[in-house]
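Peer 1: how does the following fold in three dimensions:
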Amino acid sequence: MLGLLLVAVSLTEAANLPAGDSLADSLAATEPVCPQLNQRDVDLEIEPKFKLNPNQFITPVYIWGPSSQLQGLREAIGVAIRLNRTLLLPPFLTHQTDSSGADRPVPVDIRLDIPKLRRLLSIGFTDDMHCTESDVVFLARGIYNKPTDPSVMVERVKRIENFEKAAHMQILRRDKDNEDEVDEVRPFMQRSIPVTRSPKVSGAGVQLSYRSDLVQSLYNSTAECAAWLFPYNTYKYPVVWSAKDSPLTSGEQFFYQIVEHTRKPEYIRNIADQFQAAYLAGPYIAFHYRYDAGEWSSVCSKPQQGRKGEVCVVLEKTGSKGLALALSRFILQTNAFITGGSVSNRHSTLYVATPPTEALKIKEVMMMAKTILAGEEWTLDVVTTLDTAAFLDTHFTGCELIEQKQEVLSLVEQELTYRGDYFIFSELSGWSANVRKERIMEDKYFYEMSVIKLIEDFGPFSTNFTTTNLYKGESNILR
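Peer 2: Okay, here's the model as predicted:
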């Protein structure tokens, strides 16, 4: 079992609740001021930087969860520009763990700043019914695991079916003798590029580079309505994850331009402003914890190679107290940076973002860190996903956005972690990776560390320390 994930901690060990809880209770209940989510008519007449062919379209069919869908969208923007096709935006789809159900349609306005995106390139929406059927399918990934497999991958076909319902656009051809089954001989309404069983679309799928003309030569079609199937890490952009002295390359500039135009919508930024004013008025550390028990217990039960294997080793040998200790040591050692150099200001604020199902457990761990720091005469305010969820319920019950509460909660938390003065991120998490891409835009990559690096450098097994105890006394929870 993963000690870090599964060790239970009693709140009675973890001192009192943070100040934010009493603040939330004291906020007066008022009629909600509901934001306007639909921004599709804003700046309709604006001239985009990339004005694309209004008679040819490309629509991405997203794969996996919200973070992968955002990456797929960003790649689709690049490919739309390369192919000179207007980008038709379909609804996004909910995460498989969403409490409202998996693969439910999410309006693009929930996740995207539409007026901002419209400034970059020509866009439309599948809701407008420009394309009710795909005339060609561009494959990034296929529907067969291997070219020789006798049957399609059920989960991928199911994703396409859910896309068809959400986007009102037909892609799959049905078996003439059984409408519930896909035609195994010709699974798509029209031809696919590459061919359906091409080895190129197996495994990681087609690999394209922004530097080459392969996009145009591979997806060479004059068909009006193209669907791009399952883009994710298909169209390779360069990403700068650390400080760089030389000027950005043209590819880096192009990618950051896309990131800049696919940020959070205005209503999310406004909610984050309100929450930040109430709970996070000063500098704060943002902490994203994504090593939830169910998923990582399964991952680490199998042999893993590379960094994933190293992550499993760290998780398996580190308990909840070890994570609390690592965070406490980090805060104490970096106090000059975090508090701006004031020796008398022995205080930090921490915002912790987690999947909702892990929120209480990880809050308890952070409260242990609060107790450890109290022994060093250091105060710590802990604000978490639970506070943000309660804030949404308090201020926006009855608003349209509550119908997509889990989506909105995740987006607000991404905005809050993006704004953090320091970011402790989860390696191998698309959620963290997308936040970091936005932080790069503000030169915030200097002020980041991974959860695993935190444990390696400051945890109980770190060679930088000779003792696990920070202080002595009857209340020392590390004993």
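
Peer 1: now the strands for the stretch 351-479 of the chain?
Peer 2: 379-384, 422-425, 448-450 (DSSP state E, counting those that start in this stretch).

Peer 1: mind listing what Glu257 touches?
Peer 2: Glu isn't right for residue 257; it's Gln. Neighbour list for Gln257: Leu120 [criterion: Cβ atoms under 8 Å, 6 or more residues apart in numbering]. For every residue, glycine as well, the C-beta is placed using N, CA and C.

Peer 1: got the CA coordinates for the helix or strand hosting it in CSV?
Peer 2: In this structure, Gln257 sits in helix 250-260 according to DSSP states H and E. Output of helix 250-260 as CSV, limited to C-alpha atoms (Å, rounded to 0.1, in the frame of the first residue of the first chain):
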residue,chain,number,x,y,z
SER,A,250,9.6,30.8,-33.3
GLY,A,251,8.1,27.5,-32.2
GLU,A,252,8.2,28.5,-28.5
GLN,A,253,6.6,31.8,-29.3
PHE,A,254,3.9,30.1,-31.4
PHE,A,255,3.1,27.7,-28.5
TYR,A,256,2.9,30.4,-25.9
GLN,A,257,0.7,32.4,-28.1
ILE,A,258,-1.7,29.5,-28.2
VAL,A,259,-1.5,29.1,-24.4
GLU,A,260,-2.1,32.8,-23.9
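
Peer 1: could I get the strands of the stretch 351-479 of the chain as a markdown table with mean neighbour count and mean pLDDT?
Peer 2: Formatted as a markdown table, these follow (neighbours: other Cβ atoms under 10 Å; pLDDT from 0 to 100):
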| stretch | mean neighbour count | mean pLDDT |
| --- | --- | --- |
| strand 379-384 | 22 | 96 |
| strand 422-425 | 23 | 96 |
| strand 448-450 | 19 | 95 |
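
Peer 1: want to try CSV for the ones you listed, with distance to Asp213 as columns?
Peer 2: Formatted as CSV, the strands of the stretch 351-479 of the chain follow (distance: least, Cβ to Cβ, whole Å):
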stretch, distance to Asp213
strand 379-384, 48
strand 422-425, 35
strand 448-450, 35
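
Peer 1: now the most centrally placed residue in the chain, nearest residue through space, not along the chain?
Peer 2: Geometric centre of the chain, nearest residue: Trp431, 2.5 Å, by Cα atoms, centre = their mean. Leaving aside its sequence neighbours, Trp431 sits nearest to Ser67 (Cβ to Cβ, 6 or more residues apart in numbering; 4.9 Å).

Peer 1: can I get the helix or strand harbouring that neighbour in CSV, CA atoms only?
Peer 2: Per DSSP H and E: Ser67 is located in helix 66-83. What follows is helix 66-83, C-alpha atoms only, in CSV (Å, rounded to 0.1, in the frame of the first residue of the first chain):
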residue,chain,number,x,y,z
PRO,A,66,-10.1,17.6,-19.1
SER,A,67,-6.4,18.3,-18.9
SER,A,68,-5.8,16.0,-21.9
GLN,A,69,-8.7,17.7,-23.7
LEU,A,70,-7.1,21.1,-23.2
GLN,A,71,-3.8,19.9,-24.6
GLY,A,72,-5.7,18.4,-27.6
LEU,A,73,-7.4,21.7,-28.2
ARG,A,74,-4.1,23.6,-28.2
GLU,A,75,-2.7,21.1,-30.7
ALA,A,76,-5.9,21.4,-32.8
ILE,A,77,-5.4,25.2,-32.9
GLY,A,78,-1.9,24.7,-34.4
VAL,A,79,-3.1,22.1,-36.9
ALA,A,80,-6.1,24.3,-37.9
ILE,A,81,-3.7,27.1,-38.7
ARG,A,82,-1.4,24.8,-40.6
LEU,A,83,-4.2,23.4,-42.7
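
Peer 1: output the below-cut-off pLDDT ranges for the stretch 251-400 of the chain.
Peer 2: Where the stretch 251-400 of the chain drops to pLDDT under 70, the residues are 336-344.

Peer 1: run the last query once more with 90
Peer 2: 251-256, 281, 292-302, 305-308, 315-319, 333-346 (pLDDT under 90).

Peer 1: now the helices: where do they sit in it?
Peer 2: Here the stretch 251-400 of the chain has its helices, by DSSP state H, counting those that start in this stretch, at 266-279, 293-300, 306-317, 320-333, 335-338, 359-374, 385-396.

Peer 1: out of the ones you listed, which one sits most buried?
Peer 2: When the helices of the stretch 251-400 of the chain are scored by mean count of other Cβ atoms under 10 Å, the highest mean neighbour count falls to helix 320-333 (a mean of 23).

Peer 1: packing partners of it?
Peer 2: Applying 3 or more Cβ pairs under 8 Å, 6 or more residues apart in numbering; DSSP states H and E, one finds that helix 320-333 makes contact with helix 3-6, helix 359-374, helix 451-458.

Peer 1: excluding chain neighbours, give the residue nearest to Ala80 in space.
Peer 2: Spatial nearest neighbour of Ala80, excluding adjacent residues (Cβ to Cβ, 6+ apart): Leu87 at 4.2 Å.

Peer 1: the one you found belongs to a strand?
Peer 2: Yes: Leu87: assigned to a strand according to DSSP: H, G, I helix; E, B strand; the rest coil.

Peer 1: distance-wise, check Ala272 relative to Ile362.
Peer 2: To Ile362, Ala272 is 20 Å away according to Cβ to Cβ, to the nearest Å.

Peer 1: likewise Met449?
Peer 2: From Met449 over to Ile362 (counting by Cβ to Cβ), the distance is 17 Å.

Peer 1: tell me which residues are up against the helix or strand containing Val137.
Peer 2: Assigned by DSSP H and E, Val137 belongs to strand 136-139. Residues outside strand 136-139 that contact it (Cβ under 8 Å, 6+ apart): 58, 171, 188-194, 196, 198, 200-201, 205-206, 218-219, 221, 223, 225-230.

Peer 1: how about Tyr144, what does it touch?
Peer 2: 151-153, 196-197, 202.

Peer 1: and if we set it to 7 Å?
Peer 2: Going by Cβ atoms under 7 Å, 6 or more residues apart in numbering, Tyr144 touches 152-153, 197.

Peer 1: so how far is Ala369 from it?
Peer 2: When Tyr144 is compared with Ala369 (using Cβ to Cβ), they lie 48 Å apart.

Peer 1: for Ile258, same thing?
Peer 2: 37 Å.

Peer 1: same question for Ala102.
Peer 2: Applying Cβ to Cβ, the value for Ala102 to Ala369 is 34 Å.

Peer 1: which of the contacts of strand 136-139 count as buried?
Peer 2: 58, 171, 188-190, 192-193, 196, 200-201, 205-206, 218-219, 221, 223, 225-230 (16 or more other Cβ atoms under 10 Å).
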